[in-house]
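Participant: 3D model of this:
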Amino acid sequence: MYYLKCLLLPVLSALTIGTVSAQGEAKMKVLLQKDGPTGPVDTVKLVRNALKVDPLLFLRGEVPLYYERVLSPRVSLELAVGLTTRNTMDLPRSHENADSYSAGERMITRPSFHAGLRYYVTKDMEPQGFYFQGEFAYIEHAKDISLKDKRGRMTDVVLRDESLFRDGRLYIGYQRLASTNNFLLDAYFGAGLRSSSLNSVHERLDLENNEWSNTQEASNDQVTAIFFGVKMGYGF
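Facilitator: The predicted structure is shown next:
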């Protein structure tokens, strides 16, 4: 079997070189590795998939895990699923505001989803370079707020504060694989149209009478929003 592998290796190498030459612009990266001086020779697989996280989204109350799959030398599919938590950073003009840290608030975990199609400007057998990406995102934030009586004391009455966002986004970005391993960085910036459904709880203090009041307001709106971030991950 060992000698058969040694005989097949030159044939397979010739076929590989011929295939790469026929592809013209396509960029094939093949690296050789050995187990030992007399060990079997094999080729390292090209990166066709990647798992990524975006730490900036953690500050905005979302923890998604991204998966990218290469479809062609210029096109890839990117999907993400995650959970929402407390938002600590405002996103301008988006209705996505930072959550307060006041007593009587309890965060409710909700799901989030992303689905995008990415087009790389330069052909490459691995997912890297400048790109444009269209994406749909579904994000839901929720928390329970314990109401106060007229004197400001907490009661057992709870109202649900909810925000639901459906986004159509367009990004421009740059993704790069490390030269010595499969770790990657993916920086992006873009804008989108956001459809928001808000069910907001408002607490007000009447300073004249020193009394608290609570109201709940529902609204639906469409706004433009700006998105940016840096993803980190590993390709395989």
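
Participant: what helix or strand does the residue nearest to residue 166 when sequence neighbours are not counted sit in?
Facilitator: Nearest residue to residue 166, sequence neighbours excluded (Cβ to Cβ, 6 or more residues apart in numbering): residue 195, at 4.6 Å. C-beta: built from backbone N, CA, C; applies to glycine. Secondary structure assignment for residue 195, by DSSP states H and E: strand 183-206.

Participant: what comes up buried for that strand?
Facilitator: 184, 186, 188, 190, 192, 194, 196, 198, 200, 201, 203 (16 or more other Cβ atoms under 10 Å).

Participant: Show me what it is packed against.
Facilitator: strand 49-53, strand 129-148, strand 154-177, strand 211-235 (3 or more Cβ pairs under 8 Å, 6 or more residues apart in numbering; DSSP states H and E).

Participant: ok, and what's touching whichever helix or strand comes after the shortest one?
Facilitator: Scanning forward in sequence from strand 49-53, with DSSP H and E defining helices and strands, the next element found is helix 55-59. Residues outside helix 55-59 that contact it (Cβ atoms under 8 Å, 6 or more residues apart in numbering) are 63, 64, 82, 85, 87, 88, 89, 228, 229, 230, 232.

Participant: Could you export helix 55-59 as PDB, CA atoms only?
Facilitator: C-alpha atoms of helix 55-59 as PDB (Å, rounded to 0.1, in the frame of the first residue of the first chain):
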ATOM      1  CA  PRO A  55     -17.400  41.100  20.200                       C
ATOM      2  CA  LEU A  56     -18.900  44.600  19.400                       C
ATOM      3  CA  LEU A  57     -22.300  42.900  19.200                       C
ATOM      4  CA  PHE A  58     -21.900  41.600  22.700                       C
ATOM      5  CA  LEU A  59     -22.000  45.300  23.900                       C
END
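
Participant: Let me see the mean pLDDT of that helix.
Facilitator: Mean pLDDT, computed over helix 55-59, is 94.

Participant: Give the other helices and strands that the helix or strand following it contacts.
Facilitator: Next along the chain after helix 55-59, taking DSSP H and E as the criterion, comes strand 62-70. Packing partners of strand 62-70 (3+ Cβ pairs under 8 Å, 6+ apart): strand 49-53, strand 75-84, strand 110-120.

Participant: Show me what the longest one is packed up against.
Facilitator: Of the remaining helices and strands, those touching strand 110-120 by 3+ Cβ pairs under 8 Å, 6+ apart are strand 62-70, strand 75-84, strand 129-148.

Participant: can you check the second one too?
Facilitator: In this structure, strand 75-84 makes packing contacts with strand 62-70, strand 110-120, strand 129-148, judged by 3+ Cβ pairs under 8 Å, 6+ apart.

Participant: mean pLDDT lowest for which of the ones you listed?
Facilitator: Among the helices and strands packed on strand 75-84, strand 129-148 scores lowest, with a mean of 94.

Participant: just so I know, which of the helices and strands packed on strand 110-120 lies nearest residue 99?
Facilitator: strand 129-148 (6.7 Å; Cβ to Cβ).

Participant: for that closest one, packing partners?
Facilitator: When contacts are defined as 3+ Cβ pairs under 8 Å, 6+ apart, strand 129-148 sits against strand 75-84, strand 105-108, strand 110-120, strand 154-177, strand 183-206, strand 211-235.
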